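# A structural model of the following input is requested.
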Amino acid sequence: VIVLNLLTMAMEHECNKDSQPYCLQYNVALETSNLLFVALFTLEFFIKMLGLGPVNYFKDGFNILDFVVVGTGIFEGFIGLAIIMCYLEDP
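Just a heads-up that it's a prediction; the model follows:
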């Protein structure tokens, strides 16, 4: 899943939705896939947190890093939803 997320992030590029007809659908698909990856990583976080318990979860430095990455991804997810809504609005 991490490699697929990496490949999806690498596919991002600037395009003009007025002159390139694929651009709108392409960007919406990328933002949607990003939200899907954030949901999967959040699910993994909650399963691991429930399995280990909060105290044991935060004893490991990699779990703290995972927590920060998931939290940042959730924050970015809200921004991604706003971006999708902006793409879908017709001027």
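# so where's the chain uncertain?
Counting by pLDDT under 70, the chain has low-confidence residues at 17, 87, 90-91.
# how about the helices of it, start to end?
Secondary structure of the chain (DSSP state H): helices at 2-10, 23-52, 54-57, 61-88.
# Save those as a markdown table, and put in distance to residue 16 and mean neighbour count too.
Bear in mind the C-beta positions are built from the backbone N, C-alpha and C, glycine included. Converted to a markdown table, the helices of the chain look like this (distance: least, C-beta to C-beta, whole Å; neighbours: other C-beta atoms under 10 Å):
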| stretch | distance to residue 16 | mean neighbour count |
| --- | --- | --- |
| helix 2-10 | 20 | 11 |
| helix 23-52 | 6 | 15 |
| helix 54-57 | 45 | 11 |
| helix 61-88 | 12 | 13 |
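# Could I get the contacting residues of residue 58?
64, 67 (C-beta atoms under 8 Å, 6 or more residues apart in numbering).
# Equivalent analysis for the one 3 residues further on, please.
Neighbouring residues of residue 61 by C-beta under 8 Å, 6+ apart: there are none.
# From residue 81, how far off is it?
Noted for residue 61: a distance of 31 Å to residue 81, by C-beta to C-beta, to the nearest Å.
# next one: residue 29
Distance, residue 29 to residue 81, by C-beta to C-beta: 14 Å.
# got it, and residue 47?
Counting by C-beta to C-beta, the separation of residue 47 from residue 81 is 24 Å.
# now do residue 62
Residue 62 sits 29 Å away from residue 81 when distances are taken as C-beta to C-beta.
# what does residue 24 give?
As defined by C-beta to C-beta, residue 24 lies at a distance of 16 Å from residue 81.
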